[in-house]
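Engineer: I would like the atomic coordinates for the input below:
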Amino acid sequence: MFLSVRRLAFLLTAGLIGLLSPTLAQATPPDPTMFGDLCIRAQSQTANLNVVAYRRAGGALEKAVYPDLASFAAAKPPARPLTVARYNSYEDAAATQPKQVRCKGKSADHLTAVYGADIAGPEGTCAAANRQPLAETARMLTPAERDALVHRPNTIQIDPDTSAINGPDWLADFPAATMDSAGKLHIGSKSLYVPFATPDIPEAFKGQHYCTLIAHAYLKRLMLGLAQP
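Structural biologist: Down below sits the predicted model:
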């Protein structure tokens, strides 16, 4: 029997919550992007993490949320314990309207080098991680909101990753969404992927996969015409 999209999303979220260390799972406040932590899910999706094998190897997923861009830029999350770094940006100065989420994670080949060959891979994309917020945002709309939509989910395009050449390039401003000349809404993602086997660079820079993703709240406002790209 096929599982519904809602059930699949629940199973994915439940599986990732099970990977959190007990202390972290209890202490972490609710995620402002809803539907579980976007960066932890992005790490699992971009590395194609085999959750069962990873848990058997003693792996856990942790996260560190950085309040300012400077400290986030300096962060180099470790592979053991696997820690995802996160930085949220907002539409408003009061930081009440999440707009973008930046996530620093590990590449699949780094995780397999640390935990075993069956743990992860092949490498996924940040664009794929952006597709789930679109489906989730569509599901949380009320009937009145569905009637008021300016951009319907099936008309929104998830663009391929824009690849950064280095850390400063990835951290530079990047639009979460754009509108083309025909009025079609495009959701963008920016990635920085550095395989673990990359030669002639410092060890601290190897085995990274970073993603810049759209926040659910901003996507909903775009769909309703309450925000502009």
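Engineer: And the next helix or strand past the least confident helix or strand in the chain by mean pLDDT?
Structural biologist: Between all helices and strands in the chain, the lowest mean by mean pLDDT, DSSP states H and E belongs to helix 22-27, at a mean of 34. The helix or strand immediately downstream of helix 22-27 is helix 38-46, counting by DSSP states H and E.
Engineer: Outside of that following helix itself, list whatever touches it.
Structural biologist: Here helix 38-46 makes contact (Cβ atoms under 8 Å, 6 or more residues apart in numbering) with 12-13, 16, 19-20, 31, 49, 51, 61, 63, 82, 84-86, 101, 103-108, 123-126, 128-129, 132-133, 209, 211, 213, 215-216. Where you see a C-beta, it was placed from the backbone N, CA and C, and this is true even at glycine.
Engineer: Can you mark which positions in that helix are buried?
Structural biologist: Applying a neighbour-count criterion of 16 or more other Cβ atoms under 10 Å, one finds 38-46 buried in helix 38-46.
Engineer: just stretch 194-207 next, same as before
Structural biologist: Judged by neighbour count using 16+ other Cβ under 10 Å, the buried positions of stretch 194-207 are 194, 196, 206-207.
Engineer: re earlier: would you write out the PyMOL command that picks the buried residues out of the contacts of helix 38-46?
Structural biologist: PyMOL command restricting these to the buried ones, with burial defined by 16+ other Cβ under 10 Å:
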select buried, resi 12+13+16+19+20+31+49+51+61+63+82+84+85+86+101+103+104+105+106+107+108+124+125+126+128+129+132+133+209+211+213+215+216
